[in-house]
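coordinates for the following, if possible.
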Amino acid sequence: MPRADTGWPVLAAPAAFWLLFVVAFTVLQWPSLGNLEMQDSDDYVRLHQADEYSRNRQWYNFTLQRMNPPAGTSMHWSRLPDVPLALTLSSLRPLLGEHRAALAAIIVVPSLLLLLTLYCLWAGLRVSTQPQAAGIAVLYVLICLPVVSKVAPGKLDHHAWQVMLVTALWACTAVGARTQRDAFAGSAAGVVAGIAAAASLWVGLEVLPLLLALLLFVHLEWIYGNDRIARFGLAFGLSLGLASALALLLHVPPSQRLVAACDTYAVNWLRVAWGIALACAVLPLLGARWGGPRQRFALSVALAVLFAVVVLARDASCIFLGPYADMPARLHEQLLANIYEARSAYALAVQSPALLVMFFGFPMLTLVVALAERTSLRADAVCRLSFLLTLCALCMSLWQIRAVYFAGLCTAPLAAILAQSLMNRRGEKNAALWPAIVVMLLLSPMVSLLLGVTMDRLWSSQDASAAHELSIAQIDAAVAVIDQQHHAGAPTAALIAAPLNAGPAILARSKHAILGAPYHRNVGGINQWLDMRAAQDEATLRQLLFAARVDFLLLPKLAQVGTNAGLIEQVAGGKRLAWLRRLPTPSAEATLLFQVLAESAGQRQQSSPPRQAHSSTASPTGIGKYNEP
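Numbers count the residues shown, from 1 in each chain. Sure, this is the predicted structure:
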């Protein structure tokens, strides 16, 4: 590797791109970031979970007490993304207060993950046949909307961690596949890759198909004579086996470590990780000169069949259905209606063909160019790795579009290598078409970005109540009224029944409790809300609200109500009920806030047992705008 590759100018380039992007993004998004407004409900719940952990310091306690109290909701999320957020909150809270500490956390933590992502991408491409493409790849990531929308300031969901960990896994594999004589470099890359793979499985199981694609790449390289990959495979397998076991110890409490689970990292997924590790580690045991391509291919197929039989025999339902394996159909349909990223590419195309161009245009164009210009695929293992991972991520995206950021991430190094290779060929014969293709590769992510920004502004300009949703401003105004009605000295926080998508914002931006939120483990709260929405008569609705001990009902005001609408929808359309006292709010033209009144002093005590206090000691105040010093 040239000496200039490790010089300060080269090392400072990703940091310069990163700093420019973070500053520009923060300035442009400051009206929302400064008010702790985030785009995804998962970001709010992640911030709330990290805030709870920063206060109670209970590592294995994932129960959110203010989501469907008094039992609360036990989340299936990993603790790893909570750690830097909790450290930031707990260290800055005494100095800056609740609001500014949370503001620092939502900007600093994802920004650092983005910086690590860019450096991993840079390091991986510096060992390719086109090291000059590293700068192009960094720019690709920063303008690729599906990727940067997951790891920009304000994005606290686990996807930001997956972007960083998958990039580290890709970079280490690239180093392992390209290392010529340095045995230590290949082995060290394998160790780090195994740790990154285990951490990625711990953070989210959606990375599993990419790990299988990586296993396929290792075996294909070995089949066709790249014996350097065997040394990487041994280190990767051993590291993955140990790190995945450690991840299980860190994620699951001792009493549940032998219990299988479909929606979170558990012992059944540890078996899958060990299978991948064994399939990689077995290659060096055969020797560098063992067999020809046919014999190696036969062995790889035998290992694949054995792996599939062992895994599918015990965990087929979890692998194919994921977290929805044991979910009732009614709940599944409701979650798909509220979780945009869980939809298929077909559903995306039905909603808007422009979304297909925005999400899939850049990866599809790059794959077509790669197949047309096969020189880079033949000559560069890094290009082959990126091609295979991009193809895998696109196949994942057809099932659930949440994987589209994987496709954009893996496409960035592939497109950069192809663009650089084609620019190097501009003086060759029969190369008249290549400049046009290079321009298409360079402009494709920019077109997707502009299309995404335009569509986002169009959607943002629509009235939230038209889609039966509540805006953050409406939620904040309603919470301010509830704070006045429900005095601070009350033994319990107020319980608010609201549309499911409003629940996470209420949870994070106030001290109050919510009935339901769009998370599959919140079965009780979701079912109660669905029953309330389906209630057609006043007696049934009142009984459901009293049984759940709801204090306030928050609804978007509806201009039109369907003929077969439930009673709650009729209330949202203007129907009055004597036991629902409407409270005035600043956004009364778009929001309806009701206090649920009992007919007699002891009616609620007769309908259900007293509600226990929840989160009054662990989180006495919220972390939203009302807690500014």
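
beyond the longest helix seen in the chain, next helix or strand please.
Looking across the chain with DSSP state H, the single longest helix is helix 82-125. Downstream of helix 82-125, the first helix or strand assigned by DSSP states H and E is helix 134-143.

need the contact partners of that following helix.
13-14, 17, 21, 117-118, 121-122, 125-126, 147-148, 408-409, 411-413, 415-416, 419-420, 442, 445-446, 449 (Cβ atoms under 8 Å, 6 or more residues apart in numbering). Where C-beta positions appear, they are placed from N, C-alpha and C, glycine not excepted.

now a ChimeraX select for only the buried ones of these.
Of the contacts of helix 134-143, the buried ones go into a single ChimeraX selection, burial set by 16 or more other Cβ atoms under 10 Å:
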select :14,17,21,117,118,121,122,125,126,147,148,408,409,411,412,413,415,416,419,420,442,445,449
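
picking up where we left off before, what helices and strands are in contact with the longest helix of the chain?
On a contact count with 3 or more Cβ pairs under 8 Å, 6 or more residues apart in numbering; DSSP states H and E, helix 82-125 meets helix 8-28, helix 30-33, helix 41-56, helix 134-143, helix 145-151, helix 159-178, helix 404-424.

out of these, nearest to residue 560?
Comparing the helices and strands packed on helix 82-125 by their distance to residue 560 (Cβ to Cβ), the top pick is helix 41-56, with 26.1 Å.

now the strands: where do they sit in the protein?
63-64, 73-74, 495-497, 513-514, 552-556, 580-583, 591-596 (DSSP state E).

buried deepest among those strands, which one?
Mean neighbour counts were compared across those using mean count of other Cβ atoms under 10 Å; the top stretch is strand 513-514, at a mean of 28.

who does that one touch, helix- and strand-wise?
Using 3+ Cβ pairs under 8 Å, 6+ apart: strand 513-514 touches strand 495-497, helix 503-509.

among these, show me which one is buried the most.
The most buried one of these (mean count of other Cβ under 10 Å) is helix 503-509, showing a mean of 26.

hmm, who's touching it?
36, 41-42, 44-45, 47-48, 51, 64, 66-67, 472, 475-476, 479, 496, 498, 512-518, 525, 554, 622-626.

sorry, back to before: between the strands of the chain, which gets nearest to residue 537?
Here strand 580-583 is closest among the strands of the chain (Cβ to Cβ), at 14.4 Å.

and that closest one, what's its mean pLDDT?
What strand 580-583 shows for mean pLDDT is 90.

rewinding a little: just the buried ones from the contacts of helix 503-509?
36, 41-42, 44-45, 47-48, 51, 64, 66-67, 472, 475-476, 479, 496, 498, 512-518, 525, 554, 622-626.

at the geometric centre of the protein, which residue sits there?
The chain has residue 159 as the residue nearest its centroid, 2.9 Å off, counting by Cα atoms, centre = their mean.

for that residue, give me its contacts.
150, 151, 204, 402, 405.

and which of those is nearest to residue 306?
Of all these, residue 306 sits closest to residue 204, with 26.6 Å by Cβ to Cβ.

what is the lowest-pLDDT residue among the contacts of residue 159?
Least confident entry in the contacts of residue 159, by pLDDT: residue 402, with 79.

closest one to residue 298 among the helices and strands packed on strand 513-514?
Closest approach to residue 298 among the helices and strands packed on strand 513-514 is made by helix 503-509 (51.4 Å; Cβ to Cβ).

for that closest one, list the C-alpha coordinates in CSV.
Only the C-alpha atoms of helix 503-509 are listed here, as CSV (Å, rounded to 0.1, in the frame of the first residue of the first chain):
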residue,chain,number,x,y,z
GLY,A,503,-47.9,6.9,21.6
PRO,A,504,-44.1,7.0,21.2
ALA,A,505,-44.0,10.8,21.0
ILE,A,506,-46.2,11.2,24.1
LEU,A,507,-44.0,8.7,26.0
ALA,A,508,-40.8,10.5,25.3
ARG,A,509,-42.0,14.1,25.4
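
distance from stretch 151-161 to the middle of the chain?
7 Å (Cα atoms, centre = their mean, to the nearest Å).

and the end-to-end length of it?
This stretch, stretch 151-161, spans 8 Å end to end (Cα to Cα, to the nearest Å).

surely residue 26 and residue 107 touch.
Yes: the pair residue 26 / residue 107 is scored as a contact, 6.2 Å apart, by Cβ atoms under 8 Å.

looking at these two, which is more packed in?
Neighbours were counted for residue 26 and for residue 107 using other Cβ atoms under 10 Å; residue 107 has more, 21 against 16.

can I get the helices and strands packed on strand 513-514 in TSV including distance to residue 331 and mean pLDDT?
Listed next are these as TSV, based on distance: least, Cβ to Cβ, whole Å; pLDDT from 0 to 100:
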stretch	distance to residue 331	mean pLDDT
strand 495-497	17	92
helix 503-509	15	92
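
ok, which of the ones you listed comes nearest residue 164?
helix 503-509 (23.3 Å).

show me how far the closest one is from its chain's centre.
The chain centroid and the centroid of helix 503-509 are separated by 18 Å under Cα atoms, centre = their mean.

how many other residues sit next to the nearest residue to residue 214 once chain neighbours are set aside?
Among residues not flanking residue 214 along the chain, residue 173 sits closest, at 6.2 Å (Cβ to Cβ, 6 or more residues apart in numbering). Neighbours of residue 173 under the rule other Cβ under 10 Å: 28.

give the contact list for residue 173.
Contacts of residue 173 by Cβ under 8 Å, 6+ apart are 189, 193, 214, 217, 218, 232, 236, 385.

show me the shaky parts of the stretch 401-550 of the chain.
Within the stretch 401-550 of the chain, the segments meeting pLDDT under 70 span 425-468, 487-491.

could you do the stretch 151-300 of the chain as well?
Using pLDDT under 70, the stretch 151-300 of the chain drops low at 179-183, 284-291.

at 50 what do you get?
Applying pLDDT under 50 to the stretch 151-300 of the chain flags no residue at all.

where exactly do the helices run in it?
Counting by DSSP state H, counting those that start in this stretch, one finds helices in the stretch 151-300 of the chain at the ranges 159-178, 183-203, 208-223, 228-251, 267-281, 293-321.

how near is residue 511 to residue 493?
Distance from residue 511 to residue 493, counting by Cβ to Cβ, to the nearest Å: 5 Å.

what is the nearest of the contacts of residue 159 to residue 312?
For the contacts of residue 159, the nearest to residue 312 is residue 204 (21.3 Å; Cβ to Cβ).
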